[in-house]
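Trainee: Structure for this input, please:
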Amino acid sequence: MDLDKLTNTTVKAAVQALQNGDRGAWLAQFTPDAELYDDGQKRDFMSFVDSAIGEERFTSIDKVENNGKDVYGHFQTEKWGEFDTYFKFHINTKGKIDRLDIGQV
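Mentor: Next up, the predicted model:
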């Protein structure tokens, strides 16, 4: 899959790590206290990491907005199947992701 649509370097590194199932590279993009919201509901970030990395990935990136921090595309998971999703990355002043909002489109 082509990641050239991703213009924010932190987001691109995070999505590349997700695509590769690379837990260490994924976590390197986040603050230690990063928050996760799934369809508006707060979830445990590390539980998401444990279940998603290596099992979930984008199959297409359809749209990128908000200076490269909002990614919309088609997503495939081992558990839930395929669906359209968004990942909205919130990046702090040090260039680390401190919040991730995900959900179905």
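Trainee: List the beta-bridge partners for the residue nearest in space to the middle of the chain.
Mentor: Centroid-nearest residue in the chain, with C-alpha atoms, centre = their mean: residue 87, separated by 5.1 Å. On the basis of DSSP bridges, residue 87 is bridged to residue 71, residue 102.
Trainee: same thing with residue 76?
Mentor: Bridge pairing for residue 76 - DSSP bridges - gives residue 57, residue 82.
Trainee: quick one: it from residue 19, how far?
Mentor: Shown here: residue 76 relative to residue 19, a distance of 11 Å by C-beta to C-beta, to the nearest Å. Using the backbone N, CA and C atoms, a C-beta is placed for each residue, glycine as well.
Trainee: Can you check which residues contact both of those two?
Mentor: Residues touching both residue 76 and residue 19 (C-beta atoms under 8 Å, 6 or more residues apart in numbering): 57, 58.
Trainee: And the strands in the protein, which stretches?
Mentor: Listed in chain order, the strands of the chain (DSSP state E) span residues 30-38, 41-43, 56-65, 70-77, 81-91, 97-104.
Trainee: Please tabulate the ones you listed in TSV, including the columns distance to residue 2 and mean pLDDT.
Mentor: Shown next, in TSV, are the strands of the chain (distance: least, C-beta to C-beta, whole Å; pLDDT from 0 to 100):
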stretch	distance to residue 2	mean pLDDT
strand 30-38	24	98
strand 41-43	29	98
strand 56-65	8	97
strand 70-77	11	97
strand 81-91	17	97
strand 97-104	21	97
